[in-house]
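Visitor: no sequence on hand, only this structure:
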């Protein structure tokens, strides 16, 4: 029965993808009481790394990806039906995930974004520290060492931003 539903959803998806005039939020599949829209599909596929996203660009790939989203939704609904979302260990893990995600967002905002370097800074560092970039008596070209300078300066700025933030 579930396989039949999946096939029906794939057929709906194929029609939805082939229609150039369909709205962004058109329904691609219905899984019990939930719907999977074209917008949901695009959002999920865009979360994938580039190498994985390319796998789902063809019509066949899009159908496979929709099938995966449907399977995921069916499993999610079954887990809720069994009450697993009310389990104490599960709730503790969700809270821990929320906590770590918020900390990560804070650190990104307060530290990573303030630690960006520009081309001028990189060049100045290179010019002031030329001795560090000599190999066998030959000065390495700026472009050869640019990435390592950028990593080094970024780490230094992140460390300084973190220490300043902690002291506040």
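Guide: Structure received. Please read these numbers as outputs of a predicted model, since none were measured by experiment.
Visitor: report pLDDT for residue 13.
Guide: pLDDT for residue 13: 47.
Visitor: find the nearest non-adjacent residue to residue 46, please.
Guide: Leaving aside its chain neighbours, residue 46 sits nearest to residue 53 (7.3 Å; criterion: C-beta to C-beta, 6 or more residues apart in numbering). The C-beta positions use only the backbone N, C-alpha and C, and glycine is treated the same way.
Visitor: domain parsing for the chain?
Guide: Here the domain assignment for the chain is 2-86, 110-167, based on automatic domain parsing.
Visitor: would JSON lines of those with distance to residue 96 be doable?
Guide: Formatted as JSON lines, these follow (distance: least, C-beta to C-beta, whole Å):
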{"stretch": "domain 2-86", "distance to residue 96": "15"}
{"stretch": "domain 110-167", "distance to residue 96": "21"}
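Visitor: quick one: the residue nearest the centre of the chain from residue 53, how far?
Guide: Taking C-alpha atoms, centre = their mean, the centroid of the chain lies closest to residue 47, which sits 4.8 Å from it. Noted for residue 47: a distance of 9 Å to residue 53, by C-beta to C-beta, to the nearest Å.
Visitor: got it, and residue 141?
Guide: Noted for residue 141: a distance of 35 Å to residue 53, by C-beta to C-beta.
Visitor: what about the two, which has more around it?
Guide: Remark: of residue 141 and residue 53, residue 53 carries more neighbours, 14 against 10, as counted by other C-beta atoms under 10 Å.
Visitor: which strand or helix spans the closest residue to residue 32 other than its chain neighbours?
Guide: For residue 32, ignoring the flanking residues on the chain, the nearest one in space by C-beta to C-beta, 6+ apart is residue 77 at 5.9 Å. Assessed by DSSP states H and E, residue 77 sits inside helix 59-81.
Visitor: select the longest helix from the protein.
Guide: Using DSSP state H to define each element, the chain has its longest helix at helix 142-167.
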